[in-house]
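Enquirer: What follows is a predicted structure for the sequence shown.
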2 protein chains.
Amino acid sequence: MAIPDVVIDRLPEYARVLATLEAQGREVVSSQEIGDALRRPGRTSAAQVRKDLSYFGRFGKQGRGYNVRKLLEELRRILGLNRQWSMALVGTGRLGMAIIGYEGFEPQGFRIVHAFDSDNSMIGKKIAGLAIKSTDAIETVLAEQPVDIGIVAVPAETAQKVIDRLVACGVRAILNYAPITPRVPDGVEMKRIDPVLSLQGMTYHLKARAGP
Amino acid sequence: MAIPDVVIDRLPEYARVLATLEAQGREVVSSQEIGDALRRPGRTSAAQVRKDLSYFGRFGKQGRGYNVRKLLEELRRILGLNRQWSMALVGTGRLGMAIIGYEGFEPQGFRIVHAFDSDNSMIGKKIAGLAIKSTDAIETVLAEQPVDIGIVAVPAETAQKVIDRLVACGVRAILNYAPITPRVPDGVEMKRIDPVLSLQGMTYHLKARAGP
């Protein structure tokens, strides 16, 4: 059974809620509580949570709630969160630097092992223990030490080319920060981080409320 | 007719594709082309594009495609992109600095007018023409010069509190960079920028491909 991407995209949120509950020593949780913890107006309801989790088998007992630890373990297994994922960052400008400095990746098993930049003055510099390499070396470096995921933090103009090169090197997942909608071949995953698109999705509602 | 949020969230992408086509001098575009430009495996099809746009009336003629300029104008109007939106940033650490320095906001009508930080050594410093103010002053500053949108780039521990304060000041949309799922009252929009959740949505597919 093919699981819709919208469901897959909600699972990490469920895992985060469960991890918080586990840290608090909770043993059982209801779908209602999970839904409430994720509440965005009109979105994740208890029924939605139950339906999403039902794709993966029966975790809960009717009226008894879910075992927090078991469900979290299962979600981690399903999502592949119980292993390490290696990443290559391309682009070490202001944004790339913030990405290298971000402390949220490692505890979740995501590790930046290569950082590339096209600016000669950056190459060889060490940032958070990571020596910046020339983008010219992407192919040779990834041939020697491949990565699972590519993070693209270069300007819009060069992003598609960088993504094509990463994909040609066997990278099968791209986290794209450049403000373009790049093309990737089938079988390559791509997510984008694009604050402008996020803002524009909210102004619709702000405008609707303020009137024309 | 209530328009589903998933549809609203795709409209900015359509607008971006149309803006690119307009800049190239294109006058007419098919739903197929729009869908292709946004192609992520198995997602945005021509039928999807037509269905999404049909919520807003009839833009295209059967078999003739859409007028690029007219459709773009209409999408801008619908999304509220034909005006300026003011924003207040809370948190000017490495991430906040990258947000202040991001050049993609202003051309799209999004302007950071206040930046707050709780670190006394930061307060009064000017970054990109913006004087950093104390988070203690959020209420007084926003009472004097309100904003449409709050950007939250503080650590997870303090994010909910900052969001509550912004909401109490009348901010009706939050772009949250902190790795938590905060609660906001009904009527307040919230989007999050969370690279870890994005990565975790991809590892499901990577793992499924690699086997257990």
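Expert: Cool, the structure landed. Numbers count the residues shown, from 1 in each chain, chains lettered A, B, ... in the order given.
Enquirer: The top strand by length along chain A vs chain B: in contact?
Expert: Identified as the longest strand of chain A according to DSSP state E is strand A:110-117. Yes - using CB under 8 Å from any CB of the partner chain, strand A:110-117 reaches chain B at residue A:110. (Each C-beta comes from the backbone N, C-alpha and C, glycine too.)
Enquirer: List the contacts of that strand.
Expert: Residues from elsewhere that reach strand A:110-117, judged by CB atoms under 8 Å, 6 or more residues apart in numbering or on different chains: A:84-93, A:96, A:99-100, A:105, A:123, A:127, A:130-135, A:137-138, A:141-142, A:145, A:147, A:149, A:151, B:196, B:199.
Enquirer: try stretch A:197-212
Expert: Residues contacting stretch A:197-212 (CB under 8 Å, 6+ apart): B:5, B:8-9, B:11-13, B:15-16, B:78-81, B:83, B:85, B:105, B:108, B:110, B:148-149, B:172-173, B:175, B:187, B:189-193.
Enquirer: Please check those residues and keep the buried ones.
Expert: Listed as buried from the contacts of stretch A:197-212 are B:5, B:8-9, B:11-13, B:15-16, B:78-81, B:85, B:105, B:108, B:110, B:148-149, B:172-173, B:175, B:189-193; burial here means 16 or more other CB atoms under 10 Å in any protein chain shown.
Enquirer: Inside helices: which ones of those?
Expert: Per DSSP state H, helices hold the following members of the buried ones among the contacts of stretch A:197-212: B:5, B:8, B:9, B:11, B:12, B:13, B:15, B:16, B:78, B:79.
Enquirer: now, the most widely separated pair of the residues you listed?
Expert: Greatest spacing in those, by CB to CB: B:5 and B:16 (18.3 Å).
Enquirer: so where do the strands sit in chain A?
Expert: Under DSSP E, chain A gives strands at A:28-29, A:66-67, A:85-90, A:110-117, A:126-127, A:130-134, A:149-152, A:173-176, A:189-192.
Enquirer: so can I have JSON lines of those strands showing mean pLDDT and distance to residue A:47?
Expert: Output for the strands of chain A, formatted as JSON lines (pLDDT from 0 to 100; distance: least, CB to CB, whole Å):
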{"stretch": "strand A:28-29", "mean pLDDT": "92", "distance to residue A:47": "16"}
{"stretch": "strand A:66-67", "mean pLDDT": "90", "distance to residue A:47": "14"}
{"stretch": "strand A:85-90", "mean pLDDT": "98", "distance to residue A:47": "32"}
{"stretch": "strand A:110-117", "mean pLDDT": "98", "distance to residue A:47": "32"}
{"stretch": "strand A:126-127", "mean pLDDT": "92", "distance to residue A:47": "46"}
{"stretch": "strand A:130-134", "mean pLDDT": "96", "distance to residue A:47": "45"}
{"stretch": "strand A:149-152", "mean pLDDT": "98", "distance to residue A:47": "33"}
{"stretch": "strand A:173-176", "mean pLDDT": "98", "distance to residue A:47": "31"}
{"stretch": "strand A:189-192", "mean pLDDT": "92", "distance to residue A:47": "27"}
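Enquirer: most packed of these?
Expert: Comparing these by mean neighbour count (mean count of other CB atoms under 10 Å in any protein chain shown), strand A:149-152 ranks first with a mean of 26.
Enquirer: Let me see the contact set for the closest residue in space to residue A:126 that isn't next to it in sequence.
Expert: Distances taken as CB to CB, 6 or more residues apart in numbering or on different chains place residue A:132 nearest to residue A:126, at 7.6 Å, with adjacent residues excluded. Listed by CB under 8 Å, 6+ apart, the contact set of residue A:132 reads A:92, A:115, A:116, A:117, A:122, A:123, A:124, A:125, A:126.
Enquirer: what's the closest of these to residue B:46?
Expert: residue A:116 (36.5 Å).
Enquirer: State the distance from residue A:46 to residue B:81.
Expert: 35 Å (CB to CB, to the nearest Å).
Enquirer: got it, and residue A:76?
Expert: From residue A:76 over to residue B:81 the distance is 40 Å, taken as CB to CB.
Enquirer: just residue A:172 next, same as before
Expert: Distance, residue A:172 to residue B:81, by CB to CB: 34 Å.
Enquirer: quick one: low-confidence parts of chain A?
Expert: A:1, A:39-44, A:57-63, A:209-212 (pLDDT under 70).
Enquirer: try it again with 80
Expert: Flagging of chain A using pLDDT under 80 yields the residue ranges A:1-2, A:39-44, A:56-64, A:208-212.
Enquirer: gap between stretch A:195-208 and the chain center?
Expert: Centroid displacement of stretch A:195-208 relative to its chain, using CA atoms, centre = their mean, to the nearest Å, is 21 Å.
Enquirer: Can you dump the C-alpha atoms of that stretch in CSV for me?
Expert: Presented in CSV, the C-alpha positions along stretch A:195-208 are these (Å, rounded to 0.1, in the frame of the first residue of the first chain):
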residue,chain,number,x,y,z
PRO,A,195,10.7,31.1,4.2
VAL,A,196,9.2,33.3,1.5
LEU,A,197,6.8,30.5,0.3
SER,A,198,5.9,29.9,3.9
LEU,A,199,5.1,33.6,4.5
GLN,A,200,3.1,33.8,1.3
GLY,A,201,1.0,30.9,2.5
MET,A,202,0.1,32.9,5.6
THR,A,203,-0.6,36.3,3.9
TYR,A,204,-3.6,34.7,2.2
HIS,A,205,-5.2,34.2,5.6
LEU,A,206,-4.0,37.6,6.9
LYS,A,207,-5.4,39.3,3.9
ALA,A,208,-8.7,37.4,4.0
